[in-house]
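Participant: the sequence isn't on hand, but the structure is:
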């Protein structure tokens, strides 16, 4: 670096291009530099390299108002300051503002870390500068890039502010940003939300960026509007004068192939598309005053001449047939009229409809169907009324029964209680009850047969047996619990109530003894009455 002669700034102004060494204090950054963001980590790495090897590539500068403006090399300038250098090698060149902007765009394009949004800003500055006479194609040729590359970069400048911020912060990629930039401004923020998975994430940093093809699928399904079968002429520039025709519209994918590539012919401006459909419908209604206006909705609210879908049958005239089995929509009648769809996916299209409810060809089946539906509703209403009356009767009957209950219970009442208790027993406990009473038959292989036998025990028992049976069924579940709870269980309380020494019984069983009176209930002639 020391062999490069340092010259005063005045002599440099007269040289078209020369190499020299300039103090950092004499350099200022260019306000037209497209690079606006400098990565701190990469600047530190570059500073380390400069500290050990020096500035290997001179900065490109031009003399402006008593100082040198950096045309190319802003990163090297900043890194040199961090490395502690006081001067750097430069190439001084006389450049106009337009030439400087062009050099900056080309120079920065060669740098891999320049953000695409910054590239787009540089391209736009060159195209908009007076006297350059550049077009997208000429600029692309100058840069050695395809015309589509420059056109797509420029399209990024159409991003609304929230999307542009997400893009420059590298939350979304260039392909995601380009897909969104092609959409109308009112759709871009919604499209941005579709770029991420994890709608329930705690914050935006936890969301995952979806692949580009998933965003493309959403756009094609929800935004792009096919122009293949539109009811209006795509060449008509009088339908919506402020929008012009669709023939050479840059928002049309089939025309702007430089931006959209070879894709299906579609409109990307939903608002303009709907305005043209509305204008076409109004134009048709004016030209054909006898048109029947129809809607795809089943019901139409408010006072309107538009017929809802339940009030007409659309007839496919090209498939019209006669005879039995032919669907109503394919049969002709004397009531057919020309109609216009005013909403839905077929908005603006002319069709043939029958709107006469008395027509036996098209409305007979519908009338029969409506009749069946009314009959079904009447039957449902009658069923609900009958059920309500039955429930009212049953509750009244319960009240009458409870008024006549006079304790203590006799055999009939106990039998009813026993029946309820046994029918409410879980299957496992019912089987256990049957085994306790020796009702098990080895030839029976199904548990449900054993359970049914237990639930039939109430039928032949007398009053005393019924009382013991109910008590046994109630305590049976408690007997299967290994340990009692904090307040004891039902079986423990019953043992205490009848003064049974549970501790002595436990000790006897622990020694291998047989509990006194341990007989099968079935083998005993009659269950012993419980005594206090």
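Facilitator: Looks like it arrived, so ask away. Treat the numbers as computed from the prediction; the structure is a model and nothing was measured.
Participant: strands of the chain, start to end?
Facilitator: Along the chain, counting by DSSP state E, strands occupy 17-23, 27-29, 59-64, 67-72, 87-93, 196-197, 208-209, 225-226, 266-267, 292-294, 313-315, 336-341, 350-354.
Participant: to residue 49, which of those lies closest?
Facilitator: Ranking these by proximity to residue 49 (CB to CB) places strand 87-93 first, at 13.5 Å. For the C-beta atoms, the positions are set from N, CA and C on the backbone; glycine is no exception.
Participant: what average pLDDT does the closest one get?
Facilitator: Mean pLDDT, strand 87-93: 89.
Participant: can you tell which of the strands of the chain is closest to residue 154?
Facilitator: Nearest of the strands of the chain to residue 154, taken as CB to CB: strand 266-267 at 20.5 Å.
Participant: circling back: distance to residue 150 added to the strands of the chain, as a markdown table?
Facilitator: Shown next, in a markdown table, are the strands of the chain (distance: least, CB to CB, whole Å):
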| stretch | distance to residue 150 |
| --- | --- |
| strand 17-23 | 27 |
| strand 27-29 | 25 |
| strand 59-64 | 22 |
| strand 67-72 | 20 |
| strand 87-93 | 25 |
| strand 196-197 | 29 |
| strand 208-209 | 26 |
| strand 225-226 | 27 |
| strand 266-267 | 23 |
| strand 292-294 | 48 |
| strand 313-315 | 49 |
| strand 336-341 | 42 |
| strand 350-354 | 44 |
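Participant: quick one: closest of those strands to residue 458.
Facilitator: Closest to residue 458 of the strands of the chain, according to CB to CB: strand 196-197, at 62.6 Å.
Participant: against residue 373, how distant is the closest residue to residue 306 other than its chain neighbours?
Facilitator: Among residues not flanking residue 306 along the chain, residue 293 sits closest, at 4.5 Å (CB to CB, 6 or more residues apart in numbering). From residue 293 across to residue 373, the span is 27 Å (CB to CB, to the nearest Å).
Participant: higher neighbour count, those two?
Facilitator: For residue 293 and residue 373, the more surrounded residue by other CB atoms under 10 Å is residue 293, and the numbers stand at 17 against 10.
Participant: thought that one was touching residue 282?
Facilitator: No. Contact criterion CB atoms under 8 Å: residue 293 and residue 282 do not qualify, at 11.3 Å.
Participant: closest one to residue 401 among the strands of the chain?
Facilitator: Nearest of the strands of the chain (CB to CB): strand 313-315, 59.4 Å.
Participant: packing partners for the closest one?
Facilitator: strand 350-354 (3 or more CB pairs under 8 Å, 6 or more residues apart in numbering; DSSP states H and E).
Participant: partner strands of the strand it packs on and their direction?
Facilitator: Here strand 350-354 has these sheet partners by DSSP bridges: strand 313-315 (antiparallel), strand 336-341 (antiparallel).
Participant: looking at those, which is nearest to residue 395?
Facilitator: Nearest of these (CB to CB): strand 313-315, 50.3 Å.
Participant: thinking again about what came up before, considering the strands paired with strand 350-354, which stretch scores lowest in mean pLDDT?
Facilitator: strand 313-315 (a mean of 89).
Participant: so where's the stretch 251-400 of the chain shaky on pLDDT?
Facilitator: 302-303, 318-325 (pLDDT under 70).
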